[in-house]
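Participant: Next comes the sequence, and after it the predicted model I'd like to discuss.
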Amino acid sequence: MADFKQQIPDQPIRPAREDDFELLQMGVDLKDAKFDTPPIGFFKDAMLRLARNKAAVAALVLILLISFMAIFGPMMTPYTFDQQFVDYLNMPPKIPFLASLGIADGSRVLTNRRVDGLNDTEKYPEGCILEITNEHEVNGVMMADVKVDYYAYTGCEETFWFGSDYLGRDLWARLWRGARVSLFIAIVSVVTNMIIGVVYGSIAGYYGGKVDMVLMRICEIIQSFPRVVVVTLFIMFFGTGIFSIVMSLLISGWIQTARLVRAQFYRFKGREYVLAARTMGVPDRSIIFRHILPNSLGPIITTMMMAVPQAIFTESFLAYIGLGLQAPEPSIGVLLSEGQKVLLNFPYQSLFPGIVISLLMISFNLFGNGLRDAMDPTLRGV
Amino acid sequence: MIKYIAQRVLALLITLFIILTIAFLVIRLMPGSIYDSNEMLSADMVKILEDKYHLNDPLLVQYRYFLEDILLHWDWGTSVAVQPRVPVWEVLASKIPITLQLNFVSLLISLPIGILAGIFAAIYQNTKVDYTISFFVVVFISVPSFIFATVLQYFLAYKLGWFPIIYNATATGAAKYLSMILPITALSFSPIARVTRYLRGELIENLSSEYMLLARTKGLTRLQATVRHSMRNSFVPLANIIIPMFTNILTGSLVVEQIFSVAGVGGLLVESINSSDHTLTIAILIFYSMISLLTILIVDLSYGIIDPRVRIGGGSNG
Amino acid sequence: MSEKILQVKDLTVSFSSYAGQVHAVRDISFDLCRGETLAIVGESGSGKSVTTKAILGILPGNGTIEGGEILYNGMDLAKCSDKEFESVRGKKISLVFQDPLSALNPIMKIGKQIMEALVLSKAATKGEAKERALELMRRVGIPQPEIRFNQYPFQFSGGMRQRIVIAIALACNPEILICDEPTTALDVTIQAQILELINEIKERNNLSIIFITHDLGVVANVADRVAVMYAGKIVEFGRSEEIFYDPKNPYTWALLSSMPDLDTKEQLFSIPGTPPNMLHPPAGDAFHERNQYALKIDTREAPPFFKVSDTHYAATWLLDPRAPKVEPPRVLRERIERMKRRAAEHAGQ
């Protein structure tokens, strides 16, 4: 006990003030401390947390930017997505104010040209030759690679910011129109999936028992079909087009939401407040919508965010295997698969849609991750 | 355990049966006959084929023949466009080995790389190592494999010339393997990232688990406790993600094969769709279903072997 | 009093969190004698679990021992390296967990989990370890140990699992057993069995036990001495009877009054307010805001320990000669009377 004795003061503590030994709150009714900060709702709290997540905020900005371009981008050029300039096929990109930096200056390298023909202004209009490299001799003839201003070379008066494709269509207009179509497909299918999933999951979760078992068996069976197979069969049968691509995404896309909502129901329907509502005769419908679903909103939104890139991917995939949209309608997938065919000669045709799809997918995943972290109640208060 | 296996096998058979039925309905109910729209076949030939596959009988009878042909005689129909008059199964069978090689090799190299990266990320949680790995995980999971394929093909093969631009089917030995590297790499990014993300999450959870603490307090060193308790336990649920991962690789491979001109099932699918060789398309789709169902079965069974709670049955409250 | 086996002196532990330093344990001292059971009692968050984690060197990554000593067998555990700790942890000092459900590895056979430490530290061959494991299982009351040896945790009930956790803790014959709320997660009927088992093992192995709990009812059954903790400090310390029959600290009064029993007819007493925020522990006596008997000085100056008897000390200004004489609350006085009467009857029989 030595340790305790050490702490015992030899003499009374310094000369206490007069009233030091007065009982302070005898007889006072002690209450729990009041919270002096205003209460923060769950969603407000989640949003505050989300705003602190830099990656998620950056992702959101990118998503908004790409969506903005998808809506207004096509209007920024005088060309429409299906307008063909048959004389100006596969034009390189030319962006006026970037041209001085040497990127997107509308130039192209023509390989193995006869050096003696370079002065022919019929073939090479004045001022179009920018650089001659790699001069070499083939069978006694001097050959060279010539970097030309392709717009001057072809006498093209138009300016295709992102170049033109194999039919002479403006790729800027097509890219943003394509992004619009891809986003449209993704959003429509994801929202529809969410609605189906919520309704299905609610029914399974709320009624439980046999109903639940049957509904969940159906889910299991649908889910064990390989997604690609089902989607491909569906498109083969109904033909290509935005509608059937959206429909094909609805076959199995809702199952995840349904499972999630069902699980939430199982979690909450035993809770006292739901039981209380039930005993007071609140109808099923309002128990579902007022008491249970609001609790599942966070995970549902997160799932939706994560489903968007999946839908965009499926659309591109279909385009690649030849089940994309009907020409001339573009989508990011269609552009990618068209670009792929001429990748080695005109890489810029793959570059822009490739960048857009990658950024979209990364952004939606990052934003979804951020949302999940922000809404996960287990992390609350950390 | 036997009951568990039986259940799994039964589920697989039911699913396969449903897919066969849907495939049958799609192909039979599509507008027009399968064969008559094709100019490569003579009228006689069409007649012969239609008779052979009983296309003029009532639907139910056709369905019986369809199942019998496939299940009993292994007769998947006849190709009409891609390789006219050759049995579909023969066309398909010649393409299967290379596709499976690509897919399985990609799966096999993804696992160890992903596991290692996951372990590093978890042990160095919330450090620069972790942040770097997590950044790549997001990129690799998000960007589709065909974008990676395009980038690799353009830069590594075309610009730098390190690898052949397309798959070299005629070469043997080293040249052949060299031409397989890019498609396999393109296919592996996403599964690597998936394994990493999953293992990191599992391991972090296990590292902070009570039984990890018990292992430390009963006298195990940090290393012993981590390896014997956290890691071992993290590997078990890994089986869960192998299924979606493998179907993911399979899907990606359909496109990636085409990009690298691999004469595999993926290229064949695109070719058959573009030339309206429906019998062949359906056969390929069924083949894909079988592969993925088989993977599901194998994973389910191995899960049963690894996890005592599944093997012995009962307890869900482990 | 016999030999001191473990001495904790002025131990201070804090955690770094997003909001700042959390002072979980503030300057506490106690010692454990060979063969005794010391109970540390307190609300959740009072720092009792953190103390045991510090003794075992398993503080989470963001926790540090800021000062003080933990003397065991000539070693200062507060300054031990991880390597040195390996000779102590499990071998000399063992821990029994609160939740046997999550403390056992779900995919490892029970037998292996008991043997593991023995085999890995090369204290025994596989065969010997198995013998020992079976022996331990028998001793903690597992029927059919040979069959149970090869089973997995999910095949055991909660009480059985806690018995296994105790067997694991005993595997290397430790001198000190720390029981961190070992009965909290169990049914009441099982609780009594486990307490009995712990008492029995203590007698047989001549163990010294530190028993952490928030449940004073449990303490009465097991403890020789009791330390009451509040807000990271020990506020009262004494032999079991002294704490139960003659408590001096208002916090101990509050704890004892809030203990449910069969005889109290009125509404159960509950301590008003919430435990203090350990990010910024209040000045003076940490309990004063919730204390009916708070003195003015409590808001300024933390009370030192006042001696009640040779073995009983309490940190409260009420014991200062200048303080007004106050009686414990009436409910508690009645309760103590009842307890004394019952103990006497018990002894009489």
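Facilitator: Looks like it came in fine.
Participant: From now on I want contacts and neighbour counts done on CA atoms only, so please keep to that.
Facilitator: Fine.
Participant: OK, contacts around the spatially most central residue of chain A?
Facilitator: Chain A has A:Phe364 as the residue nearest its centroid, 3.1 Å off, counting by CA atoms, centre = their mean. Taking CA atoms under 8 Å, 6 or more residues apart in numbering or on different chains, we find A:Phe364 in contact with A:59-60, A:63, A:305-306, A:308-309.
Participant: C:Ser240 too?
Facilitator: In this structure, C:Ser240 makes contact with C:220, C:223-226, judged by CA under 8 Å, 6+ apart.
Participant: Top of those by number of neighbours, please.
Facilitator: Ranked by the number of neighbours (other CA atoms under 10 Å in any protein chain shown), the contacts of C:Ser240 place C:Val226 first, at 28 neighbours.
Participant: Look up the closest residue to it, ignoring the ones flanking it.
Facilitator: C:Ala39 (4.7 Å; CA to CA, 6 or more residues apart in numbering or on different chains).
Participant: counting contacts, what elements does the strand or helix carrying the one you found pack onto?
Facilitator: Per DSSP states H and E, C:Ala39 falls inside strand C:37-41. Where contact means 3 or more CA pairs under 8 Å, 6 or more residues apart in numbering or on different chains; DSSP states H and E, strand C:37-41 is packed against strand C:208-213, helix C:216-222, strand C:225-230.
Participant: To B:Leu269, which of the ones you listed lies closest?
Facilitator: For those, distance to B:Leu269 was read as CA to CA. The smallest value, 67.5 Å, belongs to strand C:208-213.
Participant: The residue in the stretch 201-350 of chain A that chain C sits nearest to: which element?
Facilitator: Ranking the residues of the stretch 201-350 of chain A by distance to chain C (CA to the nearest CA) places A:Arg267 first, at 20.8 Å. Under the criterion of DSSP H and E, A:Arg267 resides in helix A:255-268.
Participant: hang on, C:Lys325 is in a helix, isn't it?
Facilitator: No. Counting by DSSP: H, G, I helix; E, B strand; the rest coil, C:Lys325 is located in no helix; its state is coil.
Participant: Could you report the pLDDT at it?
Facilitator: According to the per-residue confidence, C:Lys325 scores 82 in pLDDT.
Participant: ok, now A:Leu250?
Facilitator: Predicted confidence (pLDDT) at A:Leu250: the value is 90.
Participant: Would the helix holding A:Arg267 count as contacting chain B?
Facilitator: No. Judged by CA under 8 Å from any CA of the partner chain, helix A:255-268 makes no contact with chain B; its nearest approach is 13.4 Å.
Participant: Pull out the buried residues from the next helix or strand along the chain from that helix.
Facilitator: Following the chain from helix A:255-268 toward its C-terminal end, the next helix or strand by DSSP H and E is helix A:272-279. Within helix A:272-279, the residues that count as buried by 16 or more other CA atoms under 10 Å in any protein chain shown are A:Val274.
Participant: And helix A:272-279, how far out from the chain middle?
Facilitator: On the basis of CA atoms, centre = their mean, to the nearest Å, helix A:272-279 sits 39 Å off its chain's mean C-alpha point.
Participant: ok, now which ones touch the closest residue to C:Ile243 other than its chain neighbours?
Facilitator: Leaving aside its sequence neighbours, C:Ile243 sits nearest to C:Val226 (CA to CA, 6+ apart; 7.0 Å). Under the criterion of CA under 8 Å, 6+ apart, the contact list for C:Val226 reads C:38-41, C:219, C:237-240, C:243.
Participant: Could you export the contacts of C:Ser240 to CSV, including columns for pLDDT?
Facilitator: Output for the contacts of C:Ser240, formatted as CSV (pLDDT from 0 to 100):
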residue, pLDDT
C:Ala220, 81
C:Ala223, 88
C:Asp224, 90
C:Arg225, 92
C:Val226, 92
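Participant: Return the member of those nearest to chain B.
Facilitator: Distances from chain B to the contacts of C:Ser240, taken by CA to the nearest CA, are shortest for C:Ala223, at 23.1 Å.
Participant: between the longest helix seen in chain A and helix A:255-268, how many degrees?
Facilitator: What stands out as the longest helix in chain A, according to DSSP state H, is helix A:171-207. Computed by axes from the mean of the first three to the mean of the last three CA atoms, to 10 degrees, the angle separating helix A:171-207 from helix A:255-268 equals 40 degrees.
Participant: Next one: helix A:171-207, is it in contact with chain B?
Facilitator: No. In this structure, helix A:171-207 remains apart from chain B according to CA under 8 Å from any CA; the gap is never smaller than 14.7 Å.
Participant: Is C:Leu177 in contact with C:Ile209, as I believe?
Facilitator: Yes. Between C:Leu177 and C:Ile209 there is a contact under CA atoms under 8 Å: 4.8 Å.
Participant: ok, the two, which is more surrounded?
Facilitator: Neighbours were counted for C:Leu177 and for C:Ile209 using other CA under 10 Å; C:Ile209 has more, 28 against 24.
Participant: how far away is that one from chain B?
Facilitator: For C:Ile209, the distance to chain B under the criterion CA to the nearest CA, to the nearest Å works out to 15 Å.
Participant: repeat for C:Val228
Facilitator: Taking CA to the nearest CA as the measure, C:Val228 and chain B are separated by 25 Å.
Participant: which residues does that residue contact?
Facilitator: With contact taken as CA under 8 Å, 6+ apart, C:Val228 is in contact with C:40-42, C:234-237, C:252.
Participant: the strands in the stretch 51-200 of chain A, which residues?
Facilitator: Taking DSSP state E, counting those that start in this stretch as the criterion, the stretch 51-200 of chain A carries its strands at A:107-114, A:129-138, A:141-149.
Participant: And those: which comes nearest B:Asp69?
Facilitator: Distances from B:Asp69 to each of these were compared using CA to CA; the minimum, 56.3 Å, belongs to strand A:107-114.
Participant: Quick one: the helices in the stretch 51-200 of chain B, in order.
Facilitator: Taking DSSP state H, counting those that start in this stretch as the test, the helices found in the stretch 51-200 of chain B are B:59-71, B:88-93, B:96-123, B:128-142, B:145-152, B:174-207.
Participant: closest to chain C out of these?
Facilitator: helix B:174-207 (9.8 Å).
Participant: and the closest one, does that touch chain A?
Facilitator: No. Using CA under 8 Å from any CA, no contact is recorded between helix B:174-207 and chain A, whose separation bottoms out at 12.0 Å.
Participant: Then stretch B:1-8?
Facilitator: No. Residues of stretch B:1-8 are not located near chain A by CA under 8 Å from any CA, the shortest gap being 11.9 Å.
Participant: List the buried residues in that stretch.
Facilitator: Neighbour-count burial for stretch B:1-8, with 16+ other CA under 10 Å as criterion, is recorded at B:4, B:8.
Participant: Quick one: mean pLDDT over that stretch.
Facilitator: In this model, stretch B:1-8 carries a mean pLDDT of 80.
Participant: If you drop the residues flanking it in sequence, what lies closest to residue 299?
Facilitator: In the absence of a named chain, chain A is used. Closest residue in space to A:Pro299, ignoring its immediate chain neighbours: A:Arg372 at 7.0 Å, by CA to CA, 6+ apart.
Participant: Oops, wrong one, chain C.
Facilitator: On the basis of CA to CA, 6+ apart, the spatially nearest residue to C:Thr299 that is not a chain neighbour turns out to be C:Gly284, at 4.8 Å.
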